[in-house]
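**Student:** got a sequence here, can you build the structure:
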Amino acid sequence: MAPQEQRATLASFSLVLVLMGSYYILRPLRDAMASDWTDAEVSWLWTFTFFFSAVAVSLYGAAVSRLRVVRLVPAVYSFFALSFVLFYLGSQFFTDRTLLDKSFYVWVSVFSLFHISVFWSFMADVFNQGQAKRLFGFIGAGASVGALGGPALATALAGTGSTDALLLVASCMILVTLPLIAWVQRLKTSELANTGVHAGKSDFEYIGGNPLSGFSEFLKSPYLLGIGLFIFLYTSIGSFVYFELKNLMAEYSRAERTQIWAGVDLVVNTLTLLVATFATGRIASRLGLPFTLASVPVVIGFGLILLMFLPMLSIVLAIQVVRRAGNYAISRPGREMLFTAVDRETRFKAKPVIDIVIYRGGDMLNAWAFTGLTQGLGLGLAAVAGTGAVIAMLWAITGIALGRGFQKRELAQQQAAAAGDEAQSSA
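**Tutor:** Residues are numbered from 1 along each chain as shown. The predicted model follows:
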């Protein structure tokens, strides 16, 4: 890190730390509300989240290609900060909070899509490509620190019983980003001397724009369909575990639930940081991608089998921790490696379909599947856990197949490159 880059890098690190901290204060508060509602009610909320997310991300993808990022970013964050203040005021004035709480539940889910995407949009507008390659890894570590601090603060504040105050705390944290954004923007010209750097439309292809534009690329590729199936099976397990936790925590107060969910976030983010730092690279390089992609599903499968015989809250919490930490530290990096085996155009067209339509759509469909099993067929925790164990095994098999497919593609690319080099040298 060059001396002229230090302050801008540290300011950006602080910016993403505050952002992630604010989100992880809101997340356990959102999840604590779900235990007050039936499975069908939460399934409807996940359905609304799917449609709102698809529309909102498409609108943002269009806006970011037309407006200057330096103006768009503070406007988006100010809007979200104001919205959470309004939710707090509503919680103080409305006696029946059912509609308000359900609206908040969906709104935080939409916020979760934006707070980091908007941040990286801003980073692309500040740093040049060479600096991005060297500095973005360190800056991104600020998100991990914020993901630890947010749940810790939520746990402490929820212990006082005043969970509504978390809305104001999160709003204040989001507002803190505004002077940080202004500071980073000044450093862009004064110390980084990147006056010619401006984020363009191509910098934000990963945000998605219109996710429907990539469907043809997705549907005609068995390899990409396999990645989509892998994500869908992951959301199946996630939906089942989430709903079981929601139901098992119904007897706790909302403050107690907020503490439990915040504690889960704290443990998950701590494990993610440790595993990603010390184990993920070794697992992928030494044991291969098939093992990497199948390892978490196999562990989850055995956990669900155990849950069949010991239907306890502590076991469901442990499965949730392993599932999320394993995804962030192992499965997600492995999944991103799979996209390196396709060309850039296919990757950018198909990735939004998988990240938005398949992921959010999987949440929605699996929520209704769980509701059908419990409220429709009347299955209990043991039977649902058994169903989940079968899904986890299918998830593991899909991971192995994808890993082997990646290895074949990688070998073919290496052979093609070697043949090209040989032809060039002989010429």
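
**Student:** so which bits of the helix or strand hosting S78 are buried?
**Tutor:** With elements taken from DSSP states H and E, the one containing S78 is helix 69-93. In terms of neighbour count (16 or more other C-beta atoms under 10 Å), helix 69-93 has its buried residues at 69-70, 72-74, 76-77, 80-81, 83-85, 87-88, 90-91. Using the backbone N, CA and C atoms, a C-beta is placed for each residue, glycine as well.

**Student:** could you chop the chain up by domain?
**Tutor:** Taking automatic domain parsing as the domain assignment, the record places the domains of the chain at 1-192, 213-421.

**Student:** now do the buried residues in stretch 122-133.
**Tutor:** Applying a neighbour-count criterion of 16+ other C-beta under 10 Å, the buried positions in stretch 122-133 are 122-127, 131-132.

**Student:** one more: stretch 372-386?
**Tutor:** Under 16+ other C-beta under 10 Å, the buried positions of stretch 372-386 are 373-374, 379, 381, 384-385.

**Student:** what is the burial count for I25?
**Tutor:** As a burial measure, the neighbour count of I25 was computed by other C-beta atoms under 10 Å and equals 29.

**Student:** what sits against it?
**Tutor:** In this structure, I25 makes contact with 150-151, 153-154, 157, 166, 169-170, 173, judged by C-beta atoms under 8 Å, 6 or more residues apart in numbering.

**Student:** and which of the residues you listed is nearest to S58?
**Tutor:** For S58, the closest of the contacts of I25 turns out to be A170, at 25.7 Å, with distances computed as C-beta to C-beta.

**Student:** now the strand or helix carrying that closest one: mean pLDDT?
**Tutor:** In the assignment (DSSP H and E), A170 maps to helix 165-190. This predicted structure assigns helix 165-190 an average pLDDT of 90.

**Student:** and the angle from that helix to helix 69-93?
**Tutor:** With axes from the mean of the first three to the mean of the last three C-alpha atoms, to 10 degrees defining the directions, helix 165-190 sits at 170 degrees from helix 69-93.

**Student:** how far off centre is the helix or strand just after helix 165-190?
**Tutor:** Sequence order places helix 215-219 as the next helix or strand after helix 165-190, per DSSP H and E. Distance of helix 215-219 from its chain centroid, counting by C-alpha atoms, centre = their mean, to the nearest Å, is 23 Å.

**Student:** show me the contact partners of helix 215-219.
**Tutor:** Contact partners of helix 215-219, identified using C-beta under 8 Å, 6+ apart, comprise 224-225, 228, 346, 349-350, 353-354, 357.

**Student:** would you mark the buried spots in it?
**Tutor:** Burial within helix 215-219, assessed by neighbour count using 16+ other C-beta under 10 Å, is assigned to 217-218.

**Student:** same question, stretch 99-109
**Tutor:** Judged by neighbour count using 16+ other C-beta under 10 Å, the buried positions of stretch 99-109 are 101-109.

**Student:** the helices in the stretch 201-350 of the chain, which residues?
**Tutor:** If you assign secondary structure with DSSP state H, counting those that start in this stretch, the helices in the stretch 201-350 of the chain sit at 215-219, 222-248, 254-278, 280-282, 289-309, 313-326, 332-338, 344-352.

**Student:** of all these, which one is nearest G21?
**Tutor:** Nearest to G21, of all those, is helix 254-278, at 10.9 Å by C-beta to C-beta.

**Student:** for the closest one, the distance to its chain's centre please.
**Tutor:** Between the centre of helix 254-278 and the centre of its chain there are 14 Å (C-alpha atoms, centre = their mean).

**Student:** and the angle for that helix with helix 165-190?
**Tutor:** With the same axes, to 10 degrees defining the directions, helix 254-278 sits at 40 degrees from helix 165-190.

**Student:** hang on, the earlier thing: for the helix holding S78, give the mean pLDDT please.
**Tutor:** Averaged across helix 69-93, pLDDT comes to 89.

**Student:** using PDB, write down the CA coordinates of stretch 165-176.
**Tutor:** In PDB, the C-alpha atoms belonging to stretch 165-176 read as follows (Å, rounded to 0.1, in the frame of the first residue of the first chain):
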ATOM      1  CA  ALA A 165     -34.100   1.200  19.700                       C
ATOM      2  CA  LEU A 166     -32.000  -1.000  17.400                       C
ATOM      3  CA  LEU A 167     -33.700   0.800  14.400                       C
ATOM      4  CA  LEU A 168     -32.400   4.100  15.500                       C
ATOM      5  CA  VAL A 169     -28.900   2.800  16.200                       C
ATOM      6  CA  ALA A 170     -28.800   1.200  12.700                       C
ATOM      7  CA  SER A 171     -30.100   4.500  11.100                       C
ATOM      8  CA  CYS A 172     -27.400   6.500  12.900                       C
ATOM      9  CA  MET A 173     -24.700   4.100  11.700                       C
ATOM     10  CA  ILE A 174     -26.000   4.400   8.100                       C
ATOM     11  CA  LEU A 175     -25.900   8.200   8.400                       C
ATOM     12  CA  VAL A 176     -22.300   7.900   9.600                       C
END
